[in-house]
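>>> Structure, please.
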Amino acid sequence: MEWYVLNYDFNKRVAYNFNIFKSSKFTDGLKKILTEQNDIKEEINNLLRYCFWSKTEYEIYVTDAFHEEASKIDVYSQVAANLDAFVDYILNNKEKILLEN
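Below you'll find the predicted structure:
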């Protein structure tokens with residue numbers, strides 16, 4: 001499974017594409033959600049917040065080339081912007097997610 005967002009590696013000092021399915025906390029929580037009969041969209045949104053919202057290791061500051069003011073974005077805000085498409089992606093790949101280790 002793959003869903004990429006922009007993240008920042010503090011050690012290498014470089015922005016890179018981060019696959020959120022590489023987070024075991026997220027994938028373990030997602031498997032639990034998919035085996036229960038709850039409001040999937042709300043549960044996925046809550047899981048995304050728990051795993052990625054306002055956590056330093058998942059934040060990046062973005063600015064344009066001409067101004068010094070920067071905007072902070074995190075992994076959660078990038079996925080939340082496409083939450084409906086993300087939930088559809090998960091539901092379309094439910095069996096694959098449940099089978100992955």
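
>>> Check which helices and strands the lowest-mean-pLDDT helix or strand in the chain sits against.
Across the helices and strands of the chain, the lowest-confidence element by mean pLDDT, DSSP states H and E is strand 59-62, at a mean of 90. Counting by 3 or more CB pairs under 8 Å, 6 or more residues apart in numbering; DSSP states H and E, the packing neighbours recorded for strand 59-62 are strand 4-9, strand 71-74. All C-beta spots, glycine's among them, are computed from the backbone N, C-alpha and C.

>>> Moving C-terminal from the first one, which element do we reach first?
In other words, strand 4-9. Following strand 4-9 in sequence order, the next helix or strand is strand 14-19 (DSSP states H and E).

>>> want to throw the helices and strands packed on strand 59-62 into a markdown table with distance to residue 80?
Listed next are those as a markdown table, based on distance: least, CB to CB, whole Å:
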| stretch | distance to residue 80 |
| --- | --- |
| strand 4-9 | 10 |
| strand 71-74 | 10 |
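
>>> In a markdown table: the ones you listed, plus mean pLDDT, mean neighbour count and distance to residue 55.
Output for these, formatted as a markdown table (pLDDT from 0 to 100; neighbours: other CB atoms under 10 Å; distance: least, CB to CB, whole Å):
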| stretch | mean pLDDT | mean neighbour count | distance to residue 55 |
| --- | --- | --- | --- |
| strand 4-9 | 94 | 16 | 11 |
| strand 71-74 | 92 | 15 | 7 |
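
>>> which other residues reach stretch 73-92?
Stretch 73-92 has contacts (CB atoms under 8 Å, 6 or more residues apart in numbering) with 3, 5-7, 18, 20, 30, 34, 40-41, 44-45, 48-49, 51-55, 58-62, 97.

>>> Just the buried residues from those residues, in ChimeraX please.
Buried subset of the contacts of stretch 73-92, written as a ChimeraX selection, criterion 16 or more other CB atoms under 10 Å:
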select :3,5,7,18,20,30,34,40,44,45,48,51,52,53,58,59,60,97
